[in-house]
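In: After the sequence you'll find the predicted model.
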Amino acid sequence: MGVRKDLKRARKRSDLAERAGVDLVRDEAGTVRQAHVAPLAAPPADGSTPADIPYVNAAEAPDDVVLRRKEAGEWKPVTAAAFAREVTATAKGLIAAGLEPGGRVALMARTCYEWEVLDFAVWAAGGQTVPVYATSSPEQIEWIVRDSGARHLVVDTEENAAAAAAALARLPEADRPTVRRLDAGAVLELATLGRDIPDKEVAERRAALTPDTIATVCYTSGTTGRPKG
């Protein structure tokens with residue numbers, strides 16, 4: 001029944017495809033380098049961005065459980081206020097680590113609580129997230145880091161850290177991003193690093209964002225050539 005409802009809903013919204021105009025940017029060889037799709041919905045009238053979500057939730061319902069994280073085999077609740085605090089602490093760490101407004105942070109990890117924290121923290125610090133498939137080859141990692149200009153790379157496991165090391169060895173030393181591991185406490189490491197950064201620095205960077213600010217640079221899987229972002 002659910003599938004039938006989805007199909008019926010899709011037919012009713014067939015006009016979305018017509019409204020979603022696509023502008024392609026090609027290089028000199030004619031290869032598509034970028035594709036721009038106009039938003040299907042108008043941005044929020046108040047000018048808010050995805051970076052504001054944790055803070056709006058914390059202000060409106062601080063004690064509501066918004067996420068759960070697994071610790072020692074048990075799922076622990078995370079309130080809106082606690083999540084916003086952790087996002088701020090991580091954002092301060094990224095700023096202390098040298099992330100500038102518009103700077104890019106590559107995240108090579110499977111879905112997890114820490115991924116969510118980092119994603120919002122990058123935005124709150126004024127940066128842009130560059131997701132990398134956790135199954136990417138060293139060649140694909142190298143290309144994405146090189147093409148995106150990411151100066152920070154966060155991986156989730158020792159295995160992916162090894163793949164990243166092999167990839168970054170192909171880059172000039174000056175172009176190699178700083179690498180941190182989630183399973184080695186990257187989020188806590190960043191929070192510690194950013195202790196001396198005032199909260200207002202994060203608030204100011206977040207306030208400078210607009211609905212037109214780039215939030216994420218997504219790359220294709222690269223099955224038919226180099227990943228395209």
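Out: Received it, and whenever you're ready, just let me know what you need.

In: quick check: mean pLDDT across the host helix or strand of residue 69?
Out: Using DSSP states H and E, residue 69 falls within strand 65-71. Averaged across strand 65-71, the pLDDT comes to 95.

In: could you dump that strand to PDB, C-alpha only?
Out: Extracted C-alpha coordinates of strand 65-71, given in PDB (Å, rounded to 0.1, in the frame of the first residue of the first chain):
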ATOM      1  CA  VAL A  65      15.300  14.000  22.700                       C
ATOM      2  CA  VAL A  66      16.400  14.700  19.100                       C
ATOM      3  CA  LEU A  67      18.900  11.900  18.600                       C
ATOM      4  CA  ARG A  68      20.200   8.700  20.200                       C
ATOM      5  CA  ARG A  69      23.800   7.600  20.300                       C
ATOM      6  CA  LYS A  70      25.200   4.200  21.100                       C
ATOM      7  CA  GLU A  71      27.600   4.000  24.100                       C
END
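
In: Name the single longest helix found in the chain.
Out: Ranked by residue count under DSSP state H, the longest helix found in the chain is helix 80-96.

In: which parts of it are buried?
Out: For helix 80-96, burial by neighbour count (16 or more other CB atoms under 10 Å) applies to 80-84, 86-96. C-beta coordinates here come from the backbone N, C-alpha and C atoms, glycine included.

In: Okay, buried residues for the strand holding residue 69 please.
Out: The neighbour-count check on strand 65-71 (16+ other CB under 10 Å) flags 66-67, 69 as buried.

In: Just the angle for the longest helix of the chain relative to strand 65-71, thanks.
Out: With axes from the mean of the first three to the mean of the last three CA atoms, to 10 degrees applied, the angle from helix 80-96 to strand 65-71 works out at 70 degrees.

In: Could you list every helix and strand in contact with helix 80-96?
Out: helix 53-60, strand 65-71, helix 113-124, helix 186-193, helix 199-207 (3 or more CB pairs under 8 Å, 6 or more residues apart in numbering; DSSP states H and E).
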